[in-house]
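> Any chance you can model this:
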Amino acid sequence: MGFSAVNTGNNLLYLIVALLLGFMATSGLVGWLNIRDVECELSFSDEIYCHTPTLVSLDITNRKRLMPSYLLDVQVAGQKRLFTSVPQKGTGKNSFIHTFNSRGRHSLTTATVSSPFPVNFFVRGMVVPVENEIIVFPAPAAAGINPFQAHTGSRGERFAAERGFDGEMRTIAEYTGVEPLKQIHWRLSARHDWFKVKELTATAAQPIILDLTAESSLPLEERLSWAVFIINKGIREDKAIGLRISSDKVIPPDKGRGHRIRMLRELALYE
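Here you go, the predicted model:
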């Protein structure tokens, strides 16, 4: 069309060419501004297992003060998500499922943001940092033979401070109707107007230490998977569990989610 305008000297063609070129330049500038000043952030659970799908939250923030961003395609970790509109000084939220195929440290450092806005003449894109380091735990064992010889931290039964039905006698109390008949102190009850019962402590399970240094015919990854399974199951059952990582590094038996996550992190990074 430009050559036609020159050859024919048609002013209308000159105007049309100028308008088209101006429109292309304007759309390119608007498209460039559309993807400027955007930031991406990934959020992971603190409990991620190898070969297990995990939900990843993807947030994109528009830092521009005056202009919204439209039709943003964000590609990260092999996944692509579309944000149709992110307001100025606002954040768009999305999510996807991702599976890590090995335990240990994983890092996602960049994401690609692109957009065909405003009229799909140009698709502009840029790389933005996300800077995430993730610790992936070994997959819990699903079946097989337990390779661990559990080491207990003490010999014999231990008794907890909580009230129970099978420990040592703690005190004499009034009968409330929930105690089994075997706990009624018949001789003492005969001297009172109401039944007396022997209040017992609860029997506490022995603490368990899983020894990674012990000899085993199983491959390392299978042993780590079994350790994850035993730790998760034991903590759910309110057992105190510890971990021997090397001859000079032992995590003492304890309970609770924080203690469990600490042991799982050690298993994830074990070499």
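> And the longest helix seen in the chain, what does it pack against?
If each helix of the chain is counted by residues according to DSSP state H, the longest one is helix 11-34. Contact here means 3 or more Cβ pairs under 8 Å, 6 or more residues apart in numbering; DSSP states H and E; on that basis helix 11-34 packs against helix 2-8, strand 69-76, strand 124-136. The way it works is simple: take the backbone N, C-alpha and C, and place the C-beta from them, glycine included.
> Ok, which of the ones you listed comes nearest Pro118?
strand 69-76 (7.6 Å; Cβ to Cβ).
> Can you list the strands that that closest one pairs with?
Paired with strand 69-76 in the same sheet, following DSSP bridges, are strand 79-86 (antiparallel), strand 104-115 (antiparallel).
> out of these, nearest to Ser43?
Closest of the strands paired with strand 69-76 to Ser43 is strand 104-115, at 11.5 Å (criterion: Cβ to Cβ).
> now the closest one: how far from the chain's centre is it?
17 Å (Cα atoms, centre = their mean, to the nearest Å).
> And for stretch 96-115?
Here stretch 96-115 is found 13 Å from its chain centre; the criterion is Cα atoms, centre = their mean.
> Which stretches in the protein count as helices?
Counting by DSSP H, the helices of the chain are 2-8, 11-34, 186-189, 220-236, 257-268.
> Including mean pLDDT and distance to Thr109, could these go into JSON lines?
Below are those laid out as JSON lines (pLDDT from 0 to 100; distance: least, Cβ to Cβ, whole Å):
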{"stretch": "helix 2-8", "mean pLDDT": "52", "distance to Thr109": "45"}
{"stretch": "helix 11-34", "mean pLDDT": "81", "distance to Thr109": "24"}
{"stretch": "helix 186-189", "mean pLDDT": "82", "distance to Thr109": "72"}
{"stretch": "helix 220-236", "mean pLDDT": "94", "distance to Thr109": "26"}
{"stretch": "helix 257-268", "mean pLDDT": "97", "distance to Thr109": "20"}
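> highest average neighbour count across the ones you listed?
helix 220-236 (a mean of 19; mean count of other Cβ atoms under 10 Å).
> low-scoring stretches of the protein, by residue?
For the chain, applying pLDDT under 70 flags the ranges 1-11, 13-14, 149-170, 177-178, 200-205.
> ok, now which ones touch the most centrally placed residue in it?
For the chain, the residue nearest the mean C-alpha position is Ser45 (1.8 Å; Cα atoms, centre = their mean). Ser45 is in contact with Thr54, Leu55, counting by Cβ atoms under 8 Å, 6 or more residues apart in numbering.
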